[in-house]
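# Model the following, please.
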Amino acid sequence: MKFDNSYYEDEVREGFYIPGMIKRSWASQLEILEKVGEVCEKYGIRWFADCGTLIGAVRHHGFIPWDDDLDICMLKEDYDKFLAVADMELPEDYKILNIYREKEYRNFLTRIVNHDVIDMSGNFLEKNHGFPYTSGIDIFPLHNLYNDEERENTRQNKANRVWTLFEKFGKRAGASLGEMSDLLDQAEIISGISADRNVPFDNALYKIMDSLYSKNDDEETENVALIPFWIREKNHKFPKFLFDYSIYMPFENGSIPVPAGYEELLRLEYGNWEKAERRGGLHNYPYYIDQEKRLEKHEGGSVPYLYRFSPKDIDRDESFIEDENLEILSGMESVRNLVKKVWSDNGCTELLEKFQMLAIRMGERIEKEYGGAGAELVEQLEQLCEEIFELNEKIIDGNRDDIGEKLAGLRYRLDVIRNIYDRIKGRESIFIISRFSEWKEIEKFCKKYIRENSNTYLMPVPYYKKDWYGSYYDEKSEYYEIEPDAEKSGIRVLNYKSYDFKKKNPKIFITDPLDGFHSAISINPFFYASNLRKYTDNLSYIDINKADLPVSGDERGSKNVGRFIISPGVIMSDFIYLKDEKWKKLYLELLSETDKTIAKEYWEEKIRIYKGLRDDSELQRNETSLKAKEKNLIFYTSASVFYVYGEKAVRKLEKVIDTFNENREQLRIYWITDRTFEDNLKRICGNVYEDYKKIKNKFIDSDIGTFFIAEEGNLPEKADAYYGSGGYFMNIFAGKGIPIMLWDVNI
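Numbering: from 1, shown residues only. Have a look, this model is predicted:
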């Protein structure tokens, strides 16, 4: 299976940040799935996406962004057929795990894994998409249920009683062999099935329960179930006809079969499956977390894609600074920080006097060096002295009501002084980026910045593809794409090859915080934060990530964004520019946890909030549309609803189109279907296909809207509401904040 190297990069999907190593794990699982799919195709075995993978296919056309495993299901007859040939057909290093092959296995499913050890050999990494860990997919068998309800209840009751024995044993520590033998005797009496006494007790009970559901003499079974849930809760029961046909849906870089009746199946299993909710704890997330910890321990903590905080990373060597004014300013900032820490102590007055003397000293130097050109800066320094004096008086008088506000004012004043000094000195500000996408994210920031600092430049630098070992290859540069666009915006572009960082001592802004800890790419090591700070006293990181702020309960989201928060670019920068106060709160929370000996105030002093950079074009388009008399309505239909409801769905469709026609003065309809809709409709429910075509033609002739094949790249730009089936397109429009209404065929 082939993936472009860009697939392995960190990515934000639907506001959720996905580290590149999770993307590699996805690719590894898809590689296994491809091999399983080849076996199934060879032997005519049916299989379907299941559980979260089914939701992912239908709603996201790939993995659910906050999910990390891959599940499929097979009807029991296909499941048995697959297991009969799997050993012979799957690659020899694959392993098949289930209760009949592994004595310690405790589950009703089969797991196919590609390896049983962590393997960093070049050969394995080449085959496994740079993923050194064991990965696998789960195959759930759907067991047949008896049509006779009484007969099925009797069997379910037997299995439930056996499961109760399993739980009873599990709660007892140190059960003797005799006690376990007695429990097996009970299980045999309950089930009428002999226990395997050559395996661990719990494995033997799993086999008994599985045997109860492995045979069914009903010729036409109407329902199937996932038996772990059926035995205990009598749920996860599905009409078997939902699986009579499959529909192929896009999934990552390929496609995957889903049950033709997927909408009804998902409704039965999850209820409101259409709404994407980010939830899930950190238990075994990602699934390779324990393997990762073992590898990190074995490698002495130096796993190539993992950055681990070290106190030395915040140590700052400023011996390279040859500008005495900057040294004085740096001294004032240090004293101000000390004042904030000890303002309630007696030593605070002496610190403030030192603070004031430094400000006076810098003012005298500026007047001498720059004369009238430095008047604005001198005025700011005089204002700073007044504010220091007022603060000192308040502390002496014991008036502490607004000390915090006054200290914040001093920080703001120092920022202003630093900016004015940089401007009169002609100090250059450089924004370092490696890709065009980064430029588009900071363009507004740069335009705003350049109005206040004329010596502002953009410096595009190349990036490299990177293998697991951290070696670089295939240098890439988007310089010639970035340069004309940036210069059109009035921002000059510098060639990184000829710039003398040591001589210039510029202010440097970076947007990539991970340096060499990406799993797929890297910029040149010269431009890592650890190196750049050797050439400047003002290294700033601008957070341009597109991830949504994790909400309460989104533990996985919080864990993942921690990857770019606890990163070299953030830790080693002098200033951190964030979008808003909410992100600041999360940054402070995570940064403070890196080392309890470092005060929270240390990180807080670094953070600045940048404003006015939000792109409101989409919001403005929606507002303009809402003011218009005619509203644009997206209407989406899936083949699945016609498969399940047949003629009833056709009548519903006819009624809907008539309603649209009655409201033609207020509505403009965009009826969208996916590319395979009509072919699937003809194949899986040909009895209603001709009726559907008549309704479609009636819609087209009525000129109340547009009918077209929808793909993400050609969706309507303006939409006021969405109506119809749930799934991929509904998820896109929901993400844009457009009102959603799902149709109900039964109404």
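# show me what contacts Tyr421?
325-326, 329, 366, 377, 427 (Cβ atoms under 8 Å, 6 or more residues apart in numbering). For glycine as for every other residue, the C-beta is placed from the backbone atoms N, C-alpha and C.
# tell me which residues in the host helix or strand of it are buried?
Following DSSP states H and E, the helix or strand that holds Tyr421 is helix 403-425. Buried residues in helix 403-425, counted by 16 or more other Cβ atoms under 10 Å: 403, 406-407, 410-411, 413-414, 417-423, 425.
# what's the most distant pair in the residues you listed?
Greatest spacing in those, by Cβ to Cβ: Ile403 and Lys425 (32.9 Å).
# picking that back up, between the buried residues of helix 403-425, which is nearest Asn680?
Nearest member of the buried residues of helix 403-425 to Asn680, counting by Cβ to Cβ, is Asn419, at 61.5 Å.
# Now Glu711. Its backbone dihedrals?
Phi and psi for Glu711, reported as degrees, to the nearest 10, are phi -140, psi 160.
# how close does it get to Ile738?
18 Å (Cβ to Cβ, to the nearest Å).
# and which of the buried residues of helix 403-425 is nearest to Lys582?
Arg411 (20.5 Å).
# Glu711 and Ile738: which has the busier surroundings?
Ile738 (19 against 12; other Cβ atoms under 10 Å).
# Distance of the more buried one relative to Gln666?
For Ile738 relative to Gln666 (Cβ to Cβ), the value is 17 Å.
# Please apply the same query to Asn144.
Counting by Cβ to Cβ, the gap from Asn144 to Gln666 is 51 Å.
# When these two are compared, which one has more neighbours?
Asn144 (21 against 11).
# Dig out what that one forms beta bridges with.
Val224 (DSSP bridges).
# My read is that it contacts Thr221, right?
Yes: assessed by Cβ atoms under 8 Å, Asn144 is found in contact with Thr221 at 4.0 Å.
# between the two, what contacts are shared?
Lys240.
# Disregarding residues adjacent in the polypeptide, which is nearest to Tyr457?
What sits nearest to Tyr457 in space, not counting adjacent residues and going by Cβ to Cβ, 6 or more residues apart in numbering, is Leu494, at 4.5 Å.
# can you pull the pLDDT of the closest residue to Asp69 other than its chain neighbours?
Distance criterion Cβ to Cβ, 6+ apart; nearest residue to Asp69, sequence neighbours excluded, is Tyr287 at 5.7 Å. If you check Tyr287, the pLDDT there is 94.
# Repeat that for Ser498.
pLDDT at Ser498 comes out at 92.
# ok, now how distant is it from Met459?
11 Å.
# can you pull out the helices in the stretch 401-550 of the chain?
Assigned by DSSP state H, counting those that start in this stretch, the stretch 401-550 of the chain shows helices spanning 403-425, 436-452, 479-488, 501-504, 529-532.
# ok and the third one relative to helix 436-452, angle-wise?
So the one you mean is helix 479-488. 30 degrees (axes from the mean of the first three to the mean of the last three Cα atoms, to 10 degrees).
# helices or strands up against helix 479-488?
Secondary-structure packing of helix 479-488 (3 or more Cβ pairs under 8 Å, 6 or more residues apart in numbering; DSSP states H and E): helix 436-452, strand 456-460, strand 492-493.
# What of the last one?
Under the contact criterion of 3+ Cβ pairs under 8 Å, 6+ apart, the helices and strands touching helix 529-532 comprise strand 507-510, strand 539-542, helix 568-571.
# winner for burial among the ones you listed?
strand 507-510 (a mean of 25; mean count of other Cβ atoms under 10 Å).
# ok, and what's touching that one?
422, 427-432, 442, 527, 529, 532, 535-536, 538-542, 569, 573.
# Report pLDDT for the residue nearest to Tyr457.
For Leu494, pLDDT reads 93.
# Pretty sure it sits against Leu458.
Yes: the pair Leu494 / Leu458 is scored as a contact, 7.1 Å apart, by Cβ under 8 Å.
# Pull up the overlap in contacts between those two.
Ile430.
# So if I had to pick from the two, which one is more boxed in?
Using other Cβ under 10 Å, the more surrounded residue of Leu494 and Leu458 is Leu458, with 24 against 16.
# Neighbour count: Ser498 and Met459, which is higher?
Higher neighbour count among Ser498 and Met459: Met459, with 21 against 6, using other Cβ under 10 Å.
# can you pull the contacts of the more buried one?
Met459 neighbours (Cβ under 8 Å, 6+ apart): 430-433, 493-494, 496, 499.
# Filter these down to the buried ones and express that as a ChimeraX selection.
The ChimeraX command for the buried members of the contacts of Met459 (criterion: 16+ other Cβ under 10 Å) is given here:
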select :430,431,432,433,493,494,496
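# Now the two most distant members of the contacts of Met459.
Largest pairwise distance in these, by Cβ to Cβ, is 14.3 Å, between Ile433 and Tyr499.
# Show me the shaky parts of this structure.
170-175, 217-218, 319-320, 343-347, 400, 611-629 (pLDDT under 70).
# filter the contacts of Tyr421 to the buried ones?
By 16+ other Cβ under 10 Å, those give 325-326, 329, 366, 377, 427 as buried.
# Which pair in those has the greatest spatial separation?
Top of the distance list for those (Cβ to Cβ): Ile366 and Arg427, 14.1 Å.
# Show me what counts as buried in stretch 588-608.
588, 590-592, 594, 603-607.
# Check stretch 35-48 too.
Residues 35-37, 39-40, 45-48 are the ones in stretch 35-48 that count as buried (16+ other Cβ under 10 Å).
# Correct me if wrong: Phe389 contacts Glu353.
No: contact criterion Cβ under 8 Å: Phe389 and Glu353 do not qualify, at 9.9 Å.
# Apart from its neighbours in sequence, what residue is nearest Asn253?
Phe3 (6.3 Å).
# er, Glu605 actually
Nearest to Glu605 is Asn337, by Cβ to Cβ, 6+ apart, at 5.9 Å.
# which SS class is that neighbour?
Using DSSP: H, G, I helix; E, B strand; the rest coil as the criterion, the local structure at Asn337 reads helix.
# how many neighbours does it have?
15.
# what's the distance between it and Glu324?
Counting by Cβ to Cβ - Asn337 and Glu324 are separated by 20 Å.
# And Tyr463, by the same measure?
38 Å.
# These two: who's more crowded?
Remark: of Tyr463 and Glu324, Tyr463 carries more neighbours, 22 against 12, as counted by other Cβ under 10 Å.
# Report the contact partners of the more buried one.
434-435, 475-477, 521-524.
# Kindly reformat those residues as a markdown table containing distance to Glu126 and neighbour count.
Below are the contacts of Tyr463 laid out as a markdown table (distance: Cβ to Cβ, whole Å; neighbours: other Cβ atoms under 10 Å):
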| residue | distance to Glu126 | neighbour count |
| --- | --- | --- |
| Ser434 | 26 | 26 |
| Arg435 | 26 | 21 |
| Glu475 | 21 | 10 |
| Lys476 | 21 | 13 |
| Ser477 | 26 | 14 |
| Ile521 | 18 | 23 |
| Ser522 | 19 | 22 |
| Ile523 | 24 | 22 |
| Asn524 | 25 | 16 |
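# so what does the helix or strand harbouring Ser334 touch, helix or strand wise?
Using DSSP H and E, Ser334 sits in helix 324-342. Judged by 3+ Cβ pairs under 8 Å, 6+ apart, the packing partners of helix 324-342 are helix 348-370, helix 403-425, helix 600-606.
# Buried residues, it. List them.
325-326, 328-333, 335-336, 338-340.
# what's next to that helix, contact-wise?
318, 321, 348, 351-352, 354-355, 358-359, 361-362, 365-366, 369, 391, 407, 410-411, 414, 417-418, 421, 425, 537, 599, 601, 605.
# Just want the angle from that helix to helix 403-425.
170 degrees.
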